[in-house]
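Enquirer: Here is my input; please provide its structure:
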Amino acid sequence: MSLAFTSPLLATYCAGFFSLSLVQMVAVATPLWGNHIGLTAVMIGLAAGCRSVSPLIYSLPIGKLMDMVGVRRVFLFFSLQCAVLPLLYPLFPHGGAFAVLQLLLGLASATGWMAAQTAIARLASGDTRKTGWFSFFTSAGTVAGPLALGFIWERCGPTAGYGLIAAWGLCLLAACLALPAQRGAMTPKLRLRHLLPDPKSYIGGLALMRRPIIIFVIACTFIRLGGISMVEAFFPLLLQGQSYSVASVGLLFAIGNLTSSPASLLAQGTVRLCGSPRRTLAASVALSSAAIAVLPLLSSFWALALAVALYGTGIGLSMPLLFTLLSRGVEADQQGLVAGLRATANRLAGFVLPIGMGVVAEVAGIAAAFWMIGLLLLGIVVFVEVMFRKKLS
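Expert: Residues are numbered from 1 along each chain as shown. Here you go, the predicted model:
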């Protein structure tokens, strides 16, 4: 069997397939459910931001916990929640319950994705081919997930939609059970105190920021996830404002994810073209940001599909490069911590951008919010590349 397809790697690829797709399915369902229960654009932005609050606080402690007790044990604990919590949304169709469930499911789904990243970082050891295959399977999951969700939501309603998300969480749990246990990890029982924020984990995570490559990758992570959060939270509303159906929304999300999947396998060749992983990462994040900025200027389905495909290409190229640069930049026993640091940047972007965009959309409209914030993200990535060019060359 190819070294890229050993049993541990296959289990990790399956975990990638179901983990990030679950995060995206929850994200796609957020504005649809908020609109279904009658929330305003600002409240929907707040609900989307709530999904990032708990991961923002807990990512670093949980990352350190994975380094201590093993990825699999932490993964099992949170993937079980991913199979149960979605079933509670239709039972409590109110704004307050929506916010609480967003906090809980946001942490569980984000931790599942973070655990899958930690697992591949340890198994791949900086091998772009293995991280490329992991990104391919992960992107394939993000094609299947939103497409299936859009189809079910359109035909069977929100209750069935959240039932599908729960079933997806159950598949994630099954993939987690197939992961190998970490050798040399401590085996204490998981207790509540292990899940409480630990100041040492924050100090350790900030210490990693002394390395220029870590700062660069975290900055690109923030910009990249900021754009993803915008698309997840408000692109469905932009499309529904143009009279597109929920199924069409799911199809456009699937097109973006479908292009990102093969793009991740092209990362190694694109690095040779651009000259370095760092340059390729900056270029791919810039491409996705520019695609976001032009979305409100388009109205036909195929024009939107082309822009979404370019957005997906940038997202797909950047994913394995993030894993490769981070796994090369830190030691094996700090992979959980650096995954937590990256997840913290993700959640900070996921919290700030939807709320900020919700405010801008309330004042200037959703279309204006897309091009204004899209251009802002593009400007930031150019600034970051210029700032770090000499330090990392």
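
Enquirer: how far is stretch 276-286 from where the chain is centred?
Expert: Taking Cα atoms, centre = their mean, to the nearest Å, one finds the center of stretch 276-286 at 18 Å from the center of the full chain.

Enquirer: brain fart, stretch 110-119
Expert: With Cα atoms, centre = their mean as the basis, stretch 110-119 stands 10 Å off its chain's centre.

Enquirer: before we move on, what about stretch 340-360?
Expert: With Cα atoms, centre = their mean, you get 11 Å for stretch 340-360.

Enquirer: again with stretch 102-111
Expert: Distance, centroid of stretch 102-111 to centroid of chain: 12 Å (Cα atoms, centre = their mean).

Enquirer: Equivalent analysis for stretch 313-333, please.
Expert: Centroid displacement of stretch 313-333 relative to its chain, using Cα atoms, centre = their mean, is 14 Å.

Enquirer: same deal with stretch 352-369?
Expert: Chain-centre distance of stretch 352-369: 21 Å, with Cα atoms, centre = their mean.

Enquirer: what's next to that stretch, contact-wise?
Expert: Contacts made with stretch 352-369 from outside it, assessed by Cβ atoms under 8 Å, 6 or more residues apart in numbering, are listed as 40-42, 44-46, 48-49, 52, 226-227, 229-230, 233-234, 237-238, 241, 296, 372-373. The way it works is simple: take the backbone N, C-alpha and C, and place the C-beta from them, glycine included.

Enquirer: mind listing which of the residues you listed are in helices?
Expert: Residues from these lying in helices, with DSSP state H as the criterion: 41-42, 44-46, 48-49, 52, 226-227, 229-230, 233-234, 237-238, 372-373.

Enquirer: Any of those buried? List them.
Expert: With neighbours counted by 16 or more other Cβ atoms under 10 Å, the ones in helices among the contacts of stretch 352-369 contain buried members at 41, 44-46, 48-49, 52, 226-227, 229-230, 233-234, 237-238, 373.

Enquirer: quick one: which of these is nearest to residue 132?
Expert: residue 227 (21.4 Å; Cβ to Cβ).

Enquirer: measure that closest one to residue 38 for me?
Expert: In this view, residue 227 and residue 38 are 28 Å apart by Cβ to Cβ, to the nearest Å.

Enquirer: Next: residue 369.
Expert: 21 Å.

Enquirer: repeat for residue 248
Expert: Note on residue 248: its distance to residue 38, by Cβ to Cβ, is 23 Å.

Enquirer: Three-state assignment for residue 179, please.
Expert: Secondary structure state of residue 179, per DSSP: H, G, I helix; E, B strand; the rest coil, is coil.
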